[in-house]
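J.: Turn this into a structure:
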Amino acid sequence: MPKESFLANRIKSVGFALKGAFLLIRTEASIKIQVFIATVMTAAGFYFEISNTEWILQIFAIALVLGIEGMNTAVEKISDFVQPEFDVKIGFIKDISAGAVMLVSIAATIIGLIIYLPKIL
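T.: Numbering: from 1, shown residues only. Modelled structure (predicted):
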């Protein structure tokens with residue numbers, strides 16, 4: 001069996017990543033809400049004509065929230081696979097993962113307030 005080329009392997013990897021992103025958006029309610037908020041904030045960025053620096057911060061904040069939410073979902077799914085029954089230790093792991101989402105969401109909210117409050121007020 002011949003070994004795949006580096007390029008072919010990378011193309012497959014991108015395909016798997018895109019599939020994962022679409023599965024995440026299609027199946028998880030929390031990510032749907034976050035994608036909606038990201039869309040609204042992107043529209044607000046165009047409306048208020050935010051600076052390049054503000055765009056960078058906003059895009060980074062959105063990507064961080066969506067990425068950590070994806071990791072949280074993966075932790076929850078693998079935890080449920082490994083231990084389908086209630087388990088205190090699994091609950092602890094899932095709570096920590098959810099806490100990470102909350103922390104980056106708070107940071108993203110603060111970034112949004114710093115960017116948009118002066119423009120609104």
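
J.: which residues touch the helix or strand harbouring residue 11?
T.: Taking DSSP states H and E as the criterion, residue 11 maps to helix 6-27. For helix 6-27, the external contacting residues (Cβ atoms under 8 Å, 6 or more residues apart in numbering) are 4, 31-32, 35, 69-70, 73. Placement of C-beta: from N, CA and C, glycine included.

J.: which pair in those spans the largest distance?
T.: 4 and 32 (34.7 Å; Cβ to Cβ).

J.: Going along the chain from the worst-scoring helix or strand of the chain on mean pLDDT, find the next helix or strand for me.
T.: Every helix and strand in the chain was compared by mean pLDDT, DSSP states H and E; the lowest is helix 6-27, with a mean of 93. Per DSSP H and E, the first helix or strand lying C-terminal to helix 6-27 is helix 29-47.

J.: Let me see the mean pLDDT of that next one.
T.: For helix 29-47, the mean per-residue pLDDT is 96.

J.: by how many degrees do whichever helix in the chain runs longest and helix 29-47 diverge?
T.: In terms of residue count, the longest helix belonging to the chain (DSSP state H) is helix 88-120. Calculated by axes from the mean of the first three to the mean of the last three Cα atoms, to 10 degrees, helix 88-120 forms an angle of 20 degrees with helix 29-47.
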